[in-house]
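**Student:** got a structure for you, letters missing:
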């Protein structure tokens, strides 16, 4: 199977070639062999990875038990490392190659710089993140919860209370 192209990545689908062109300029094509760790939990997040070919897994530690939990397995077309775009720019999981992998590696600093220069691109990517990344984050949190001690360790809606601004 031929590696996926940049426009085939879920996070960029439905975007025009003109939209993708600024990202493509600093996107690096990289190869990592089986069992390579691309990023470690707790380290500075320097890259967003787009999986072109191969499979990876995301592993997190349960906050209370310290148990390692596989929170996701990624297939070609999927994205990893959006933690690099959110302060404190730190990885919340470890990414490991389950087989030889071809990826696009996008440096965080260059991507954030492009978003500042091109707010329309930022808005388009932000909407794609909401559509593709956030639902997967919820699934990951649920997996961590299931592997834990049945006691909730991440904030629940009722824990947040109504301390936010009132509508009206």
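**Tutor:** Looks like it arrived, so ask away. Just so it is clear, the model here is predicted, and its values are computed rather than measured. Numbers count the residues shown, from 1 in each chain.
**Student:** CA atoms for contacts and neighbours, from now on please.
**Tutor:** OK.
**Student:** do a quick rundown of the strands in this protein.
**Tutor:** For the chain, the strands defined by DSSP state E cover 28-32, 37-39, 47-53, 56-61, 68-74, 79-80, 94-97, 101-107.
**Student:** wait, which of these is closest to residue 130?
**Tutor:** strand 79-80 (12.5 Å; CA to CA).
**Student:** what does the closest one rub up against?
**Tutor:** By CA atoms under 8 Å, 6 or more residues apart in numbering, the surrounding residues in contact with strand 79-80 are 9-11, 48-51, 95, 133.
**Student:** let's go with 10 Å and repeat that
**Tutor:** The contact list for strand 79-80, computed with CA atoms under 10 Å, 6 or more residues apart in numbering, reads 9-12, 38-39, 47-52, 56-58, 74, 95, 103-105, 129, 132-133.
**Student:** what's the most buried one of the strands of the chain?
**Tutor:** strand 47-53 (a mean of 24; mean count of other CA atoms under 10 Å).
**Student:** now for that one, which elements pack on it?
**Tutor:** strand 28-32, strand 37-39, strand 79-80, strand 101-107, helix 108-117 (3 or more CA pairs under 10 Å, 6 or more residues apart in numbering; DSSP states H and E).
**Student:** just so I know, which of those lies nearest residue 3?
**Tutor:** strand 101-107 (7.0 Å).
**Student:** that closest one: how far from the chain's middle?
**Tutor:** How far strand 101-107 lies from its chain's middle: 12 Å, per CA atoms, centre = their mean, to the nearest Å.
**Student:** partner strands of it, with direction?
**Tutor:** Each strand that pairs with strand 101-107, with its direction, by DSSP bridges: strand 28-32 (antiparallel), strand 47-53 (antiparallel).
**Student:** make JSON lines out of those and add distance to residue 70.
**Tutor:** What follows is the strands paired with strand 101-107, written out as JSON lines (distance: least, CA to CA, whole Å):
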{"stretch": "strand 28-32", "distance to residue 70": "20"}
{"stretch": "strand 47-53", "distance to residue 70": "18"}
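**Student:** in JSON lines, list these along with mean pLDDT and distance to residue 91.
**Tutor:** Shown next, in JSON lines, are the strands paired with strand 101-107 (pLDDT from 0 to 100; distance: least, CA to CA, whole Å):
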{"stretch": "strand 28-32", "mean pLDDT": "96", "distance to residue 91": "19"}
{"stretch": "strand 47-53", "mean pLDDT": "95", "distance to residue 91": "10"}
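**Student:** which one of those strands lies closest to residue 87?
**Tutor:** Shortest distance between residue 87 and the strands paired with strand 101-107, using CA to CA, is found for strand 47-53: 13.5 Å.
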